[in-house]
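Colleague: how does the following fold in three dimensions:
(chains A and B)
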Number of protein chains: 2
Amino acid sequence: MSERLVVIGGDAAGMSAASQARRLKGPDELEIVAFERGHFTSFSACGIPYWVGGDVAGRDELIARSPEEHRARDIDLRMRTEVTELDVEGRRVRARDLESGEESWTAYDKLVIATGARPIRPPLPGIDAPGVHGVQTLDDGQALLDTLEATRGERAVVVGAGYIGVEMAEALCKRGYTVTVVNRGAQPMSTLDPDMGRMVNDAMTGLGMEMVNDAEVTKILTGEDGRVRAVATENAEYPADVVVLGVGVRPETELARAAGLPLGQHGGLLTDLAMRVRGHENIWAGGDCVEVLDLVSGRERHIALGTHANKHGQIIGSGVGGDYGTFPGVVGTAVSKVCDLEIARTGLREKDAQAAGLQYETVTIESTSRAGYYPGAAVMTVKMLAERRTGRLLGVQIVGREGAGKRVDIAAVALTTRMTVEQMTALDLGYAPPFSPVWDPVLVAARKAVAAVRKGG
Amino acid sequence: MSERLVVIGGDAAGMSAASQARRLKGPDELEIVAFERGHFTSFSACGIPYWVGGDVAGRDELIARSPEEHRARDIDLRMRTEVTELDVEGRRVRARDLESGEESWTAYDKLVIATGARPIRPPLPGIDAPGVHGVQTLDDGQALLDTLEATRGERAVVVGAGYIGVEMAEALCKRGYTVTVVNRGAQPMSTLDPDMGRMVNDAMTGLGMEMVNDAEVTKILTGEDGRVRAVATENAEYPADVVVLGVGVRPETELARAAGLPLGQHGGLLTDLAMRVRGHENIWAGGDCVEVLDLVSGRERHIALGTHANKHGQIIGSGVGGDYGTFPGVVGTAVSKVCDLEIARTGLREKDAQAAGLQYETVTIESTSRAGYYPGAAVMTVKMLAERRTGRLLGVQIVGREGAGKRVDIAAVALTTRMTVEQMTALDLGYAPPFSPVWDPVLVAARKAVAAVRKGG
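Modeller: Here you go, the predicted model:
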């Protein structure tokens, strides 16, 4: 007897799930219907800044798999079709064709919710003016590029200084814009501790960007043509030919909320380890619309990141297809760059550790990416948090140049396996002068952390 | 009451030990006497190929700490002084001043043996001819550079194709030499499995190097001036203006052997976890003269590598100074490069796994260093070994371009903590398009390994 799987959302989590389920079960056993309200499937939202900045030639390069490719695998993919209601009791979804406006119900045996995240759009006067852009979807990216082409302006304001904000600041610099970053926090990258964020701030200033911190945007000012002309804060106005919003995202869970599915503190769906929505054996959820377990703090977090979405999809597809897999959780690893500045973090910041009730020691060291005498050796700063007494690694933050960012992976594995900083000092990491000093910077930090833990008592 | 520590060997392990001991105990408590037969202390032998190749400006850059700097820390360092006899019973060493020829005994309370490794010099006709060089010490490096300057030749033959061999091949290429690598094995880099070594072979050929594999050098041919003119194998002669030997090293343990200290299968000193020579509470040994525990196979190995020597020195110095630390062992991580080709390995090769009695599955995948659409994304090949049934990670080998080598650290930490490949698939590694595809290449390999383990039964 054939079952029907319905997938809501045609991006990384949803389509990975559909593809993996299809690998495990053929069309005779499992019918797969997927709804996507946008124009694209399986695209790399993380790649948009590089497309806008000109590093990536075109939009199509960011599409991992097109609707046609999915359909060729016997997935009944309905584009530009939005699911407007979920009837959990009746095991069906109502979907509206956004072109024709027609609505209809589709029954399911199994359901995957992969509705993603919604960019935060503060309800400011002027926020909808032409020239103000989000960068969440490929359509957003195209609209921004169209604006850049049409206006050929000189001044850009980026609102927000998280990953998207700093990456878009780089992209607009590369396009020749004079860039101002207006940021609510005291320094950019609130995913780092303030001392490390301050280093990013100074590097961005050094790159010629104007950093306006501790600043709340109060309105978007428009010209006589109705287009954006400036961004206003309480204290000042920043002229802008284009404005990019990068103020974060929230889980897109209105549908789930209306259907009574369990949501967490951050508004994301709550699942079990197999990514099934808690209390619902035939409903899975993954990607940017769920909360994930932080393995270091033991608390739920919301992290919108393609790499997690792909892993979720893989696990979900396995479960739907009758196989087995779990997503144990995250340690909160992220890496980014602004021009040649690499920024990475994993685990807990100081305030996360405090919120989790953990006592800790912190150390910060400077070292280099290669042996100091080797050409291209670049300075990097590594901050490390270790639990008081136990010495368990709690977090690592790295700011540096080439070779800095991916070193965070060493700490990510160590966090996952709950290593102590003392255990880390003995790690057998790859050493040769073109690749590392004889003590890898992460080990230098670990050694100093051992001393801090011992001294801390 | 003051004690005396005697250190035999003034390089990484010995001088790290001396320095760490000094940090913990002042000159009133601990007298430190160190003997070094060469002209230099604490130098980076690993850096010699880059000095010869011109990447590193001068010899002094490779010296981490000079004799004067050590002496300034109250270490009685005796240069050009060779320890010729160790009297364990009498707790004393006999040393010869290599300049004056004078010998005398020095008593010790505690002893550190850090005599390093000796390059293998096959007893071939002509091996001592001018123009034939090892590259173990800074003196060796200087002699080779002097030869390169003096002869300004065109053809170089490198004997051996391990780390030193391939790095010297690169160095000589950079110097403008036409390079032939004569290698006993079927492919270079015997620290890799043959399939991965073959990739290195092909890349080196692509770089314009002549690779002569399966070839045993039978003699070094000299010209009328007595200088080297060619390297002969059973089948052919390879003209050479200069010959570099890179055929490996052996632990330098004649002194220890004569004194009756315990040596292992590979000729290295055997120690406990605190790096004390087994059965001798007041004698420590570390660096290239000891054998280390391979945490994956549970067997002893000999690995000559500066990063281990530094760690040993740190542990030894702590022990000598009355503090505590252990060196738990290695997983066999190594990284190297030939021009832009990066080569890395950790854990067991297939033949190591077989020798250890382990049954395993292997997988090999191709992926890229960055998101496929991001500029500079370079192909890399990752081979992974996982134990049959348990799925425990046993080893990883990587060959690729920029961004390939240091990814081995992910596997090094996973090996240390005995992760399974299934656990690895959930690792939260740094992802952003300039740094990694959405599935890091190591995770792609882990996923495939999971499938192989399941299929293998």
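Colleague: the spatially closest residue to residue A:132 that is not a sequence neighbour pairs with what?
Modeller: Leaving out its chain neighbours, the residue that sits closest to residue A:132 by CB to CB, 6 or more residues apart in numbering or on different chains is residue A:243, at 4.6 Å. The C-beta positions use only the backbone N, C-alpha and C, and glycine is treated the same way. Beta-bridge pairing for residue A:243 (DSSP bridges): residue A:132, residue A:157.
Colleague: residue A:361 now?
Modeller: residue A:386.
Colleague: any idea how far it lies from chain B?
Modeller: 18 Å (CB to the nearest CB, to the nearest Å).
Colleague: could you tell me how many residues sit around that residue?
Modeller: Residues lying near residue A:361 (other CB atoms under 10 Å in any protein chain shown) number 22.
Colleague: quick check: pLDDT value at it.
Modeller: Note for residue A:361: predicted pLDDT of 98.
Colleague: wait, it touches residue A:450, no?
Modeller: No. Judged on CB atoms under 8 Å, residue A:361 makes no contact with residue A:450 at a distance of 9.6 Å.
Colleague: and for the two, which residues touch both?
Modeller: Listed contacts common to residue A:361 and residue A:450 are residue A:386; contacts here mean CB atoms under 8 Å, 6 or more residues apart in numbering or on different chains.
Colleague: three-state assignment of residue A:204?
Modeller: helix (DSSP: H, G, I helix; E, B strand; the rest coil).
Colleague: got the contact list for it?
Modeller: So residue A:204 contacts A:166, A:169, A:181, A:188, A:211, A:338, A:341 (CB under 8 Å, 6+ apart).
Colleague: mind running it again at 7 Å?
Modeller: A:166, A:169, A:181, A:188, A:211, A:338 (CB atoms under 7 Å, 6 or more residues apart in numbering or on different chains).
Colleague: could you do residue A:18 as well?
Modeller: Contact analysis of residue A:18 by CB under 7 Å, 6+ apart lists A:7, A:32, A:34, A:75, A:317.
Colleague: same deal with residue A:347?
Modeller: A:296, A:331, A:332, A:385, A:393, A:394, A:395, A:396, A:411, A:415.
Colleague: among these, which are in strands?
Modeller: A:385, A:393, A:394, A:395, A:396 (DSSP state E).
Colleague: return the set of residues that bridge with the second one.
Modeller: Residue A:393 forms beta bridges with residue A:386, as assigned by DSSP bridges.
Colleague: and stretch A:49-59 with chain B, contact?
Modeller: Yes. Between stretch A:49-59 and chain B, judged by CB under 7 Å from any CB of the partner chain, the touching residues are A:50, A:55, A:56.
Colleague: count the neighbours of the second one for me.
Modeller: Spelled out, that is residue A:55. Using other CB under 10 Å, residue A:55 has 18 other residues around it.
Colleague: swap in the last one?
Modeller: The local packing of residue A:56 (other CB under 10 Å) involves 21 other residues.
Colleague: could you find the closest non-adjacent residue to it?
Modeller: Closest to residue A:56 by CB to CB, 6+ apart is residue A:50, at 4.7 Å.
Colleague: quick one, what contacts the one you found?
Modeller: A:56, B:374, B:433.
Colleague: one more time with 10 Å, if that's ok
Modeller: A:44, A:56, A:61-62, A:167, A:170-171, A:174, B:370-371, B:373-375, B:432-434 (CB atoms under 10 Å, 6 or more residues apart in numbering or on different chains).
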